[in-house]
Structures are given as structure tokens and as C-alpha cells.
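Generate a structure from the sequence data that follows.
(3 chains)
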Amino acid sequence: MADVAFQQNRAASAGNVRKRSSLRSALKRKSTAAFLMTLPLILLISLLVIYPAFYSLHLATLNKSMQRFVGLANFQFLFKRETFWLVVEQSCIFAITAVIFKALIGFIVAHFVHNIPAKGQRKWRGMLLVPWVIPPAMSTLAWLWLFDPSYSAFNYTLSFFGIGPIPWTGDAGWARFSVILVNIWYGAPFFMIMYLASLKSVPEQLYEAAAIDGANWWQRIWYVTLPMMRNIIAITTLFSLIVTFANFDIVRVLTSGGPLDRTHIFATWAFRVGIEGGDIPLGASVSLFMFPILAIAAIFILRDINKRGNES
Amino acid sequence: MASTAVIDKAAPTRPVKYGSMSRDRAWALRWSYFFLMLFAIFSLLPPIYMLITSLKSSAEISAATNPWWVLHPTLENYIGLLTSNQFLTFFRNSALVSIFVVTITMLISVPAAFALARMRFWGSATLATGVFLTYLIPDTLLFLPLFKMFAAVGDLTGIQLINRWYVLLIVYPTLTVPFCTWIMIGYFASIPKELDEAAIIDGASWFQTLTRIFIPVALPGLIAATIFAFTVSWAQFLYPMVFTTSTDQLVLPVGIITTLIKGDVFNWGQIMTGALLGAAPPLIIYAFLMDYYIAGLTAGATKG
Amino acid sequence: MADVTLRKVIKRYDDVEAVRGIDLDIADHEFVVLVGPSGCGKSTTLRMIAGLEDITDGDIMIGGDVVNDVPPKDRDIAMVFQNYALYPHMTVAENMSFGLRLKRYPKAEIKTRIDEAARMLDIVELVDRKPKQLSGGQRQRVAMGRAIVRNPKVFLFDEPLSNLDAKLRVQMRIEIKKVHQKVRTTTVYVTHDQVEAMTLADRVVVMNHGRIEQIGTPNDLYHNPATRFVAGFIGSPAMNFVPCRLEDAAGKLHIRLTDRLAFPLPPNRAARYQGVPRNEKLLLGIRPEHITEAKAHPEPGIEAFEVVLDVTEPMGMETLIYFTLEGAQICGRVNPNAGAHDGGPLRLAVDLNNMHLLNEVTGVVL
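Residues are numbered from 1 along each chain as shown, chains lettered A, B, ... in the order given. Model (predicted):
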């Protein structure tokens, strides 16, 4: 008996010693493995996203041949140019108008799809999402052809109603309208899909309870649907605002910024100045103006993530 | 169908007004279909117009007949493009780039997502949030510094990166990996903890847990991420515009726009054919895997 | 097959001690149930035996070997989880054989074992189905099958029946007992349901606040609880507790419940409680089945008294009655024909031969 107890004690103390060391090494092994598994991701992000983001800050302070530090001279130069202020104005008009209409149309269409019998929803959803699936550079070509000055299919159709011909991409005002229209066409399906998913997640009992409480159709949307969808509306709008602000493909293909730089937005003008004009620092300075909107969005999203983290 | 929906909604509230409610519902349904039809026409107009134009000869296009109708359908545009070496090169470049990028993306993001979802380590939570924020940094902010960086790499090491299609294999993952990692974290995190504990007790290593339990169980998420990575790399326009210029290095979207649009001479029949062929691979994938496509689209925001 | 020993096992998460020093010896072939309210540390203890949680201090031995640092797969244990944790992409047969395939057992051997386990659990016709196609009870059987085919030293069950409906739970309880009678593998079973604990266990371990309150056979715990917690936890409806004190009157030891109600203690109880200070605050613990309708012929140790009932609950074979005494709600079990009705008076008898006396402050049964 004494012998057994002694052996147990020894086993116990030996176990303690071994446990301490092997536990630590096991933990170490596990987190080393985890670190190695995330290493490619970390390298990719730091080398090809974070570093260039800061590098563009540095680039913006160089002269055209990138040999001399010029401080804020690039920005001073930009602020004096009329085109720059046009770009700022157009970027804001473009992004805000397009996002508002995308959100509105997405919301309305999502409701229509949600309204019809479940059996047919898949088919309609499938058709309505097509604009989002086609590479935007390709679909914008079709719009360009639809807007063609001499062969425009739209003008052909409108001429039967005695309207037109409309200079879709030739006149500054119409060209601004056209790029926004194409952007809405491309982006509204994304909102539609997000809202539809979120509509489906609203429990049916809530609507039944609201109906029993005597809420009409409009009150049900205002007091049930919208509050339940608030999160998804906010995050989708934020996403879309970033993407639209940073848009390149549509404007580049449809108008290349013309006529007379009236449809340039930050991305297309940065490309024109930096790559086509060969002034990389000035282009970098232009593209940096997309940063504030990004920062604001990041703050909102971080707050949202933290809130969800706290709730769970 | 319509009447059953009516019973669901209206009957419990006001049985007296059953008839009028039902009529309201029927009208609401008719209006829904009417507006859906309008929106569907709006959505499908450009691709349909691509198809119509692609079937016309250049003579018919310049004759300015009814643009919505094909008088003499012809496949000459398709034959012209599909026998042109240049166009086939674009297609090959696009296919190679997309396939490689999808592979690279999955190899990076699946293990990373597994580590971030299951193996807590120092800084893992921050990294997960950081991955999501990276997804928000647009390509249009990074193309100039990246261009300068690659030019500098060429000068320093002699490895020519600019104007080579494979440079896209380096830059495209910056667009695909963060989002794919993010949605895979979501899918992996939704797998119950007991499942990996059962696997551990069954004697599986971490690697076996990933390959034999997590990947098969999260297969829908994996498919969604793959589709996302493919469509993004297939559609990307800015980076190839910036990094490639020689016609033999171009990918499809840039190739069509830079070679088929020559000065003021627009061969619209060929352009629309090229655009339609360029849009075809994502459209075909979408037609067959729509549910995965939509799952991937919504997962990013709802799972976050 | 092996015995399991826990020596002063402690589990600490940051500042919280989930398990505060547990000593437990489980013999070979034994079926031991850890029972307690949620958060009592029973699941953590089981998971430490499985190796899913590191132990902060102490030792765990399986078959005489200290396994503190041994990873779960080398401990030769099998576990059945609360939500079954079946691999959704594998068929039943693949689920059951996964562990064996990882260990590269020969195919023929795997097949024999699956057939044997499937027959034992009556799931032969299900082996090619996916978990999605199974009902809750069938999934439970598969989860057990997965444990059985491994032929481990120890079975660990983590609340395996709590996701099943009441009827199925009773059925699976019997099933588990049958399986244990056949394979005789040492089993540690965690549940919060005291009925499950009583019906399944060779020995029950009652846990509370990370400590073991009492270890014993089901009957032992029922009839001789050591603490107020065990006395109140085991048995349904639960044991009644009434504030009381001891008093000497007419040369006999009495227990006084209220100003008007006091009973003389039967001789064996009187002898046991002789040394208890008379002014100490005590609790009378008495199970509902020892409060019944009064019989015509008084028996020794059974004392009659009058109450006004609050509520009655007819159960068919008996009627549960509730009344209030000194602010405490008391439950009794009477014959359906005893004439009990809501708000009515009833003459009851309390069997003091089966009473317990507890210290009100420490909760220790005297």
C-alpha cells in the first residue's frame, strides 16, 4: 500500500514537471502552426497592400521624375487646377447619386421579388442579377454602343416619340447622366440581392403581429422591415460607396473622362495623369483623395464589428 | 398559388374583409410582376443588344436599319474572332491568369481562414479584422505605387515584371485573397466546435481535420469563394491596363478594348461579339452555380 | 478496459476556478455518472479526462498511466457529444470508421467492427445513410456506434440525451445501459438530469461549484445524502426543508416546527441527535413520499397533523399536495382517494423514521 502510494506520488510529481514543459511546447507548436498557415496571407497583405498604400504617400511628395522631394507641391499644384476641382465635384456627384439610386432601386426590386410566390423568385432573381455578373468593362461596351452618336439604339427608339437625338456621351450633362446610369445598372442588383437575403431573414411572425396590431402596408415597412434591415442597409451602402468612389472601368470605357474632363473621377484621372501622362507622383496625389472616404468607412465598419463582438 | 398566399396573410387578421383583401393582394401581385418585367428588361437590355449586334454583318450595321432586329443573321463575327490568333491569345491569357489566381487564392486563404477561425493565437482577432479592412482598399488606390514597385524590382534584379501577363498573378490575389479568407472564416466558424473535438478524439491531426472534415463540410463556402476569385480575376480591368501593353500579353477585357477599337473605326459587330464571348465564362458559371454565387455575395456582409 | 483516477485535479480559466481539486477513483468496468447543475464543472472534468482541456494542476490517470500530457488520440478513449457531432459529409459507416481509418486498420477488420456495432445498436439498415437523413434517436445510436467500434479503454458521454424528447430519452437510457452490460467498458457519463444519473450509474458523483459534494451508489445518495445540496438535488419532487429546532419535553427529544407544531422523535433518531445543541437553527429534511394521508392506526415514528392545502396536483396513481409551513412550501404525496382538494383541509402523517436533520448554516446533514 505504501509502495503504491509512493509510486503514485512519484508519477504525480513527474507528471507535473513534464506537463509544464510539454504543455508550453504544445501551445507553442499550435500557435507556430497557425502562424505559418497565415504567413502567406500576412506577407501578401503587408507587401502588396499595406506597403504600397504607404508608398503612395511617399510617392505623392516627389517631383515628376521621382528624384526630388517636393513636399506638398503636388497638392498645391492640384488645388490650383480647375480640372482637379471638376474631378472632386464629379466624383462626389457620381458616387452619391449612383449609390442613392442603387439603394433605392435595390430596395424596391427586392420587395417586388419578395412579394411574388416563392416558386418564381429564383427565376426573377437570376435574371435581375445578370448585370452584376458580366465583367463591367464588357457590359459598358454594350452601353457605349447603345449610346453611339450616330447609331444609338436608344435614339432610334426615342425618335418614334419625337424625342432626340440625345447626345448621350457627347454633352457634359448627358455624359454625367450616362455614366451614373450605367453604374446604377451595374450596381443595383448587388443591393437587390443583399436586401432580399435580409428580407427573408425577417421572421414572418413580426409581420403577423404588426398586422394584428393594425399596421398598414407602409407602417409595416417603416416599423418592421426597415429597423430589421438597418444593419444590412448601412453596411451595403458603405461598401457600395467605397466601390463607386473608386470606380474605374465604367467611366474609362464609356467616356474616358470626356467630354472636356467633365466625367473624370479620381481613379480615371489618376490613371490619365499617372500612367498616360507619365507623372506618377501627381497621379498618386490624386488617388490619395479616395483615402478619406475609406477611412470613414473603415471606422464605421470597425465599430460595427466591435459591437457584434461584444454582443456575442 | 396567389390565393393560398392570401389565406396566409389576410385570413387571421380580418376574416370579414377577406374578399377585398384578396383583390388587393391580386393587384399587388400584378403590379409586382409588371415592375419586375420592366426591371428585367432594363437588366437584360445590354447583353441582349450585344447578342443582336454580334449577329449582324458590318454592312447591316452601317446601313442603320432597325437596331433591335437582325435582318440577315450571320456568324461571320464569331468566325472572325475565333480564328484570329490575337483574340485566342487574349482568351488564353485570361484563362491562365484566372485559373492560376484561383489556385493561389485558395492555397493562401483556406489555411489562413482555418487558422484564424479555429487556432487562436496572438493577434489572430486583429488579423481577421485587418483582412476585412484590406478588402476595402480599392485597386485604384494601389495601381500607381505597385507600378512603381514592379518597375523598381525590374531595375534592381533584372526580373522583368512590367508588360508580362504573369505579373497579374502577383497583383490579382490582393483583390481575391482578403474577401475569400473573410468568407471562409465565416463558414469555418459556423462549423460546431464538437466536430473538430470529435475528429481530435478520433485521432485526426490539425491538417487532417482541415482536409477531411472542414473542407468537405464547408464545401459550399469553398465553391462560393472559388467563383468569386474567378469572376474577379476574369473581370479585372485596371491592373492589366496598367501592367501590360504588348498585344500578346493582354487579357480579354483590355485586349478587346485596345485592339478592336482602332481610332474612329469601330467594328461594332466584332466588338459586341468579343464582349459577349468575354462575358460568357462568368455567365455560364453563374447559370449553373447561381446559388453558390449568391451565397458568396451575401456571406461577406452578413457573416461579418 | 481500464480504471480512471483523478488526483486533486484543478482547472482554472484566467481567474475563475471551474474545477477546484477533484479526487475520484473509477474502477474498471464501472459506470460513473457526474451530475450537477450547469456550471458545476462536470463537463470540464469530463473534457479534461478526454484531453480536450489542459489541466491546471493535479493528475489524471487512465489504466495506471498519467495522461496529463497525452493528446486525446493517444488516450484510447471515445466520446459521445451532446449534439452527436457526426461528420455531416460522411455516411454512418464512414462516421463510425473514421478513427479506425486514420489509424490505418485493415479494411476487413473495420468492416467486422462496424457490422458488430451496427447490429448491437440496431442500425444495420442505416449504415449507408448520411446523418441528415437520420432522426435524433438514430443519430444518438450512430454516435454511440462510433465510440463502440474504437473499442477504447474508456467511454465518455457528455450529456448525450439532452437533445432528445422525453420519451426517446427514456428509451435511449435503457439502450445505453444495455450496451454497457454487453461491452463492459469503463464509462464516465455527464448529465444534469438526476433521473438519468440515478437510473444509469453504478456510482453517482454529485458536483457543485467545481467540487464533489458526494460520491455513492444511487440508493446511498437517495437515503443518506451528506449535504443539503445533494438532498435537494437527488429525488423528484425534491426533498422538503422546514426550519426547526430541537427541544426537550416530557423527558423526550422533540422537534419543534412552529409554535403549535412539535413532534416527538422516534428512539433511533433521538439517540442520533442527542448531542445537537438545543438552540441551534436546524432544517428538517423530509421527502414528499414520507408525508402522506394519516392512517387510522398510528405506527411508531409516524406523527399526524392537520393542514390546509394550497394546491393539489392529481397524477393518477397519486396526488401531489402542497401546503405552507413557516413560509416554506411543502410537498407531500397522498393516495388519490384521500380527499385532497385545492384549499381544503387534510389530516397528514409524517414519517419521522426517514427524516433528516440539517445544520441550516453549513447545510451538513447531521
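
Next, work out how far apart residue C:255 and residue C:242 are.
Separation of residue C:255 from residue C:242 (CB to CB, to the nearest Å) stands at 9 Å. Just so you know, the C-beta spots here come from the backbone N, C-alpha and C atoms, and that holds for glycine as well.

Of those two, which one has the most company?
It is residue C:255, of residue C:255 and residue C:242, that has more neighbours when counted by other CB atoms under 10 Å in any protein chain shown, with 23 against 20.

Tell me what the more buried one is bridged to.
residue C:246, residue C:263 (DSSP bridges).

show me what contacts it?
Counting by CB atoms under 8 Å, 6 or more residues apart in numbering or on different chains, residue C:255 touches C:244-247, C:262-263, C:265, C:284, C:352, C:355, C:357.

burial count for residue 73?
By default, I'm working from chain A. By other CB under 10 Å, the residues close to residue A:73 number 17.

I was after chain B.
11.

Quick check, pLDDT for it.
You'll see residue B:73 listed with a pLDDT of 86.

what about it, which SS state?
With DSSP: H, G, I helix; E, B strand; the rest coil as the basis, residue B:73 sits in coil.

just to revisit the earlier point, tell me the residues that contact both of residue C:255 and residue C:242, please.
Counting by CB under 8 Å, 6+ apart, the residues touching both residue C:255 and residue C:242 are residue C:284.

What number of residues are in the vicinity of residue 131?
Reading this off chain A. For residue A:131, using other CB under 10 Å, the count is 23.

that answer is for a different chain, and I need it for chain C
Residue C:131 has 20 nearby residues by other CB under 10 Å.

Please apply the same query to residue A:59.
24.

Please apply the same query to the one 3 residues further on.
Residue A:62 sits with 21 neighbouring residues when counted by other CB under 10 Å.

what do you get for the one 10 residues further on?
Using other CB under 10 Å as the criterion, residue A:72 is surrounded by 12 other residues.

Skip the chain neighbours and tell me the closest residue to it.
Of all residues not flanking residue A:72 in the chain, residue A:61 sits nearest, at 7.3 Å (CB to CB, 6 or more residues apart in numbering or on different chains).

so the one you found makes contact with residue A:281?
Yes. Contact criterion CB atoms under 8 Å: residue A:61 and residue A:281 qualify, at 7.3 Å.

got the residues of chain C near chain A?
Proximity of chain C to chain A, by CB under 8 Å from any CB of the partner chain, involves residues C:7, C:54-55, C:57-59, C:61, C:66, C:68-69, C:71.

give me the low-pLDDT residue ranges for the chain?
Answering for chain A, as no chain was given. Applying pLDDT under 70 to chain A picks out residues A:1-28, A:305-312.

Not quite, go with chain B.
Low-confidence segments of chain B (pLDDT under 70): B:1-22, B:262-265, B:299-304.

can you list the residues of it near chain C?
Proximity of chain B to chain C (CB under 8 Å from any CB) is limited to residues B:192, B:194-195, B:197-204, B:208, B:212-213, B:216-217, B:219.

run the last query once more with 7 Å
Residues of chain B lying close to chain C by CB under 7 Å from any CB of the partner chain are B:192, B:194-195, B:197-198, B:200-204, B:208, B:213, B:216-217.

circling back: and residue A:61 and residue A:281? Which one has more around it.
residue A:281 (25 against 17).

ok, and the closest non-adjacent residue to that one?
residue A:62 (4.4 Å).

And for residue A:30?
Residue A:30 sits nearest to residue B:119 (CB to CB, 6+ apart), 6.0 Å away.

Now residue C:192: phi and psi?
Dihedral pair for residue C:192: phi -100, psi 0, per degrees, to the nearest 10.

Next: residue C:13.
Per-residue torsions, residue C:13: phi -110, psi 120 (degrees, to the nearest 10).
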